[in-house]
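Colleague: Take a look and give me a structure for this.
(2 chains)
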Amino acid sequence: MSDRPRYLDPDEITADDPGLAAERTTLAWGRSTMSLFACGAAVAKGVPRVTGHGRPLVGISMLALGGVMWLCGLPFAKSRRAAPGLRRLATHIELAPLAYGTAVVGAAAFVVAALFPN
Amino acid sequence: MASTDDPADRRQADRRRGDRRTRAAEPGIDPDVRFSYANERTFLAWNRTALAMVTAGLAITQLLPPFSIAGGRRMIGLPLIAMGVLISVASLSQWRRNERAMRLGEPLPRSILPALVAVVVAVSAIIALVLSIGGTKST
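Modeller: So this is what the prediction gives:
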């Protein structure tokens, strides 16, 4: 057992009290949501220069996407404060919307930047 | 108090109750939640890095005055945006590999993402330097 990494050493650590790690994680979710809003605003700003119209539609879509991300993180924020057996840890399926949502925003940004008048 | 029990008993209890996950069929044992949280924060930090690169690339193409070379702003901005898209997807598989390694007690896998980000940012910076020496269109 001594060659195993420390994070599985049961004598050294306990998962009963995550301490401030739970709060840091919740704050990280908040920063990520704000970053998505900011990036969405930049995309929405560039769209009319490329297409001539469409800012309200894109802007509302980006706001909605940011809202979805905030909602994705919300259940974790609540469950991190719960008793040890009731905590919910993020799964691949739950983190996927944030990853792929960011990729979609990035792809939209790429199109806007590529077509932007020189 | 349960917290003063023998560590072996506590580990048994940890394993028995587990932490709730929507997908039960995962290999290994649940690691300390603090490490799962840290892995989650790392994923979120990579995601913000991706968003920052996309936002920076957009700002470069939209806010800077045009360079004397045609398409100069896009030469700086588009690689950054493409890198942001790549990071946003890669960080998810990175999170998954870290989580799996922690569950199985294996060493954490190495990532090429930091090196990739460093190269793309450095190349964009060099392009920006060259274009800046060339001057803007109006001058």
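Colleague: what about B:Gly122, neighbour count?
Modeller: One correction, residue B:122 is Ala, not Gly. 10 (other CB atoms under 10 Å in any protein chain shown). Backbone N, C-alpha and C define where each C-beta goes, glycine included.
Colleague: Off-centre distance for the helix or strand harbouring it?
Modeller: Using DSSP states H and E, B:Ala122 sits in helix B:113-134. In terms of CA atoms, centre = their mean, to the nearest Å, the centre of helix B:113-134 is set 19 Å apart from its chain centre.
Colleague: Would you mind listing the buried residues in it?
Modeller: B:113, B:117, B:120, B:124, B:127-128, B:131 (16 or more other CB atoms under 10 Å in any protein chain shown).
Colleague: Spatially, which two of those residues are the most separated?
Modeller: Spanning the widest gap among the buried residues of helix B:113-134 are B:Leu113 and B:Leu131, at 26.7 Å by CB to CB.
Colleague: List the residues that contact A:Ala99.
Modeller: For A:Ala99, the contact set (CB atoms under 8 Å, 6 or more residues apart in numbering or on different chains) comprises B:43, B:47, B:88-89, B:91-92.
Colleague: ugh, wrong one, A:Phe37
Modeller: A:62-63, A:66.
Colleague: Please, a ChimeraX command that selects the buried ones among these?
Modeller: Per 16+ other CB under 10 Å, the buried members of the contacts of A:Phe37 correspond to this ChimeraX selection:
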select /A:62,66
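Colleague: hmm, who's touching stretch B:71-78?
Modeller: Here stretch B:71-78 has contacts from A:110, A:113-114, A:116, A:118, B:56-61, B:64, B:66-67, B:69, B:124, B:127-128, B:131, B:134, using CB under 8 Å, 6+ apart.
Colleague: switch to 7 Å and redo it
Modeller: A:110, A:113-114, A:118, B:57-58, B:60-61, B:64, B:66-67, B:124, B:127-128, B:131 (CB atoms under 7 Å, 6 or more residues apart in numbering or on different chains).
Colleague: From the residues you listed, which one has the minimum pLDDT?
Modeller: Minimum pLDDT across the contacts of stretch B:71-78 is recorded for A:Asn118, with 62.
Colleague: which one of the buried residues of helix B:113-134 is nearest B:Gly105?
Modeller: Nearest member of the buried residues of helix B:113-134 to B:Gly105, counting by CB to CB, is B:Leu113, at 23.4 Å.
Colleague: what about the worst-scoring helix or strand of chain A on mean pLDDT and chain B, any contact?
Modeller: Least confident helix or strand of chain A, by mean pLDDT, DSSP states H and E, is helix A:55-79 with a mean of 82. No - Helix A:55-79 lies out of reach of chain B by CB under 7 Å from any CB of the partner chain, never closer than 7.7 Å.
Colleague: Would you mark the buried spots in that helix?
Modeller: A:58-59, A:61-62, A:65-66, A:69-70, A:72-73, A:76-77, A:79.
Colleague: repeat for stretch B:50-67
Modeller: Here stretch B:50-67 shows B:50-62, B:64, B:67 as buried, counting by 16+ other CB under 10 Å.
Colleague: Low-confidence regions, the chain specifically.
Modeller: Going with chain A. A:1-19, A:85, A:118 (pLDDT under 70).
Colleague: Oops, wrong one, chain B.
Modeller: B:1-25, B:138-139.
Colleague: in it, which spans are helices?
Modeller: B:7-17, B:33-63, B:72-104, B:113-134 (DSSP state H).
Colleague: Contacts only, for the residue nearest to the spatial centre of chain B.
Modeller: The centre of chain B sits closest to B:Trp46, judged by CA atoms, centre = their mean, with a distance of 2.2 Å. By CB under 7 Å, 6+ apart, the residues touching B:Trp46 are B:87, B:91, B:94, B:113.
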